[in-house]
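A.B. asks: Test case, fold it:
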Amino acid sequence: MAPATGMSTVGRIRARLRRRFRAFITSRIPPSRVVTLNQKRIFIFPNRVGLFFGISLLVMLLAAINFQNNLSYGLTFLLTTLFIVAVLHTYSNLSGLTLRAVHAQPAFPGQQTEFELQLECSRRKEHVGIYLKWPSSNASTVNLVEVNQLRVQLHAPVGKTRGWYSPGRLLVESTFPLGLLRCWSWIDLDLHALVYPKPIPSGELPGLATEQPDGAAIPIEGSDDFYGFRDYRHGDSLRQIYWKGLARGQSVQVKQYAAYADRSVWLDWDMFAGLGTEQRLSHLCYWALEFDKAGDEYGLRLPSMSIAPDIGERHLEQVLRALALYGDEEQ
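C.D. replies: As a prediction, this is how the structure comes out:
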C-alpha cells in the first residue's frame, strides 16, 4: 500500500507543477494570432550534448589546475568562450522571428486537418533550423535564408466532437549553430479548426415533401422545350395549333411546351423528432452531403436560424458551419 500512496503523491506533485507551468506560460505568452519571439518569450538551456560538454569543461579545468598546465588552461578557456558565444548565437537564431496564424482547414471528427502558419524574419535576419510542432501534429524543420517570409503547413488529427478544435501550443525550437543548447518557446497562435458533425446515415429522410417531384415537367407558357400535344381548348393561340396533324385528318391539337422542375427541399430540425441534439445534427449533416453530391437544391432550418435553398460548395460550407456551431453563441 505504501508504494501506491507514494506514487499518487508524486503524481499529484507533477500535476501541480504542470498546472503552475501552464499558468506561467499563459501569463508570459498569452494567445495571439501574431507572435514575435523576444527575450520574454524565449527559453534557453543546455541539452544533453551541452551538459556533457559542460561536464567535460569542468573535468578539463580540474586537470589543468592539478597539473598547472598552461596549454590545458588555454584549451579550457577557449572552449568555454565558444560555449558562451554559442549561447548568444542560439538565442539570436530565434529572437525576432514572427509567427502568424493563417488558416486551419475544417474537417470531420477524427480526420487529419491542415494548420497553416507564416514565419517572418525581421531586419533581413536569417533563421536556420527552426523546428515546429504541435503536440499531435507532424514536425517540420524550416530555414529562412534569403527569404523574408515562409508559409508552413502542419497536419494534425482533430477531436471527436464538433465545434472549434485547438491544436494547443506550438513548439518552436532551435539548436543552431553547435547543437549544445536548446532554445525554445511555447506559443499559442489562437488558431482553431472547425470540426463538422459526424455524418450518420438514416434509412430515409422523414417528412420530405416538395411541390414537384425531382425532374417533373411543369407546363410553362413561352418555354422553348417541347413537351407534347393536348386537345384544343377555347382561347388557345392559333400559333400553337398542330396544323400538320389537322391536315392529315386528326383532331385539332395544340403543341405544349414545358420546363423541368429542379428538386428543392428543406432539411428541417423537426424531421428527426425524438432524437438527441448530436444525432439530429449528424443526420442533417449526412443528408446535406448527399444532396450536394446529387446537385440538388436544399435548405436548412434550425431552431435558431435558417439557410435558404441553394447549391454549390459555398452553400455546403455555410450549412456545415451552421451545424458544427449549433448552440454556440459565437456562431
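A.B. asks: Any idea how many residues pack against Leu119?
C.D. replies: Per other CB atoms under 10 Å, the neighbour tally for Leu119 reads 21. To be clear about C-beta, it is placed using only N, CA and C from the backbone, and glycine gets the same treatment.
A.B. asks: swap that for Gln153, please
C.D. replies: Residues contacting Gln153 under the criterion other CB under 10 Å number 14.
A.B. asks: Stretch 305-314 - what's its average pLDDT?
C.D. replies: Stretch 305-314 shows an average pLDDT of 91 in the prediction.
A.B. asks: what does it contact?
C.D. replies: 264-266, 292, 295-300, 315, 318-319, 322 (CB atoms under 8 Å, 6 or more residues apart in numbering).
A.B. asks: Can you tell me which of those residues has the most neighbours?
C.D. replies: Taking other CB under 10 Å as the neighbour criterion, Val319 ranks highest of these with 25 neighbours.
A.B. asks: Please compute how far whatever helix or strand it lives in lies from its chain's middle.
C.D. replies: Applying DSSP states H and E as the criterion places Val319 in helix 313-324. Offset of helix 313-324 from its chain centre (CA atoms, centre = their mean, to the nearest Å): 15 Å.
A.B. asks: sec struct for the residue at the greatest distance from the centre of the chain, please.
C.D. replies: Taking CA atoms, centre = their mean, the residue of the chain most remote from its mean C-alpha position is Gly249, at 71.6 Å. Following DSSP: H, G, I helix; E, B strand; the rest coil, we place Gly249 in the coil state.
A.B. asks: Okay, now the unreliable bits of the chain?
C.D. replies: Applying pLDDT under 70 to the chain flags the ranges 1-7, 124, 206-230, 234-239, 242, 245, 255-264, 329-331.
A.B. asks: for it, which helix is longest?
C.D. replies: Longest helix in the chain, counting residues (DSSP state H): helix 2-28.
A.B. asks: Walk me through which strands the helix or strand just after it pairs with, and which way each runs.
C.D. replies: Where DSSP H and E defines the elements, the next helix or strand beyond helix 2-28 is strand 34-36. When pairing is defined by DSSP bridges, strand 34-36 lines up against strand 98-104 (antiparallel).
A.B. asks: coming back round to it: please identify the buried residues of the longest helix of the chain?
C.D. replies: Going by neighbour count (16 or more other CB atoms under 10 Å), the buried part of helix 2-28 is Ile25.
A.B. asks: How about stretch 121-136?
C.D. replies: Within stretch 121-136, the residues scored as buried using 16+ other CB under 10 Å are Cys121, His127, Ile130, Tyr131, Leu132, Lys133, Trp134.
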